[in-house]
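**Q** Build me a model:
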Amino acid sequence: QVQLVESGGGLVQPGGSLRLSCVASGTRYSFNHMGWYRQAPGNSRRELVAVDITGGSTMYADSVKGRFTISRDNAKNTVDLQMNSVKPEDTADYYCNAFQAVTPFVAGGNYWGQGIRVTVSS
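**A** A predicted model of the protein is given here:
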């Protein structure tokens, strides 16, 4: 069973930095894409923060462009999110996501971590 485990969350002051990490286990195959989503307190919607697509493409939410950077290690099946110049509106539960397409060798699936809280406050 594929499992995603996030780490690195916590309390950070506005303007500060934080690095989130996600490790995937339970598969020896890489993912088609890995990324981060977030869900703000009191908001039922989970929004895309950043995604790294196999082949070198990355996508960012407009609200984090220039501040957040996603990086991925396919060999280790890990994905990190470097968060700089954080703002109070970045406060949310952050979820690691990984998608693996179905192939003759891979069952495939869309996987989620448990989520990790990031609080931006002075």
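
**Q** Kindly state the beta-bridge partners for the residue most central in space within the chain.
**A** Nearest to the geometric centre of the chain sits residue 36, at 2.3 Å (C-alpha atoms, centre = their mean). Per DSSP bridges, the residues bridged to residue 36 are residue 50, residue 96.

**Q** Repeat that for residue 119.
**A** residue 11.

**Q** wait, what's in contact with it?
**A** 10, 11, 12, 91 (C-beta atoms under 8 Å, 6 or more residues apart in numbering). Any C-beta I mention is one placed from the backbone N, CA and C, and that applies to glycine too.

**Q** and what of residue 93?
**A** Per C-beta under 8 Å, 6+ apart, neighbours of residue 93: 38, 39, 115, 116, 117, 118.

**Q** Considering these, which possesses the most neighbours?
**A** Greatest neighbour count in the contacts of residue 93, by other C-beta atoms under 10 Å, goes to residue 38: 25 neighbours.

**Q** Which neighbouring elements make contact with the helix or strand harbouring that one?
**A** Taking DSSP states H and E as the criterion, residue 38 maps to strand 33-39. Strand 33-39 sits against strand 18-25, strand 47-53, strand 68-73, strand 78-83, strand 92-100, with contacts defined as 3 or more C-beta pairs under 8 Å, 6 or more residues apart in numbering; DSSP states H and E.
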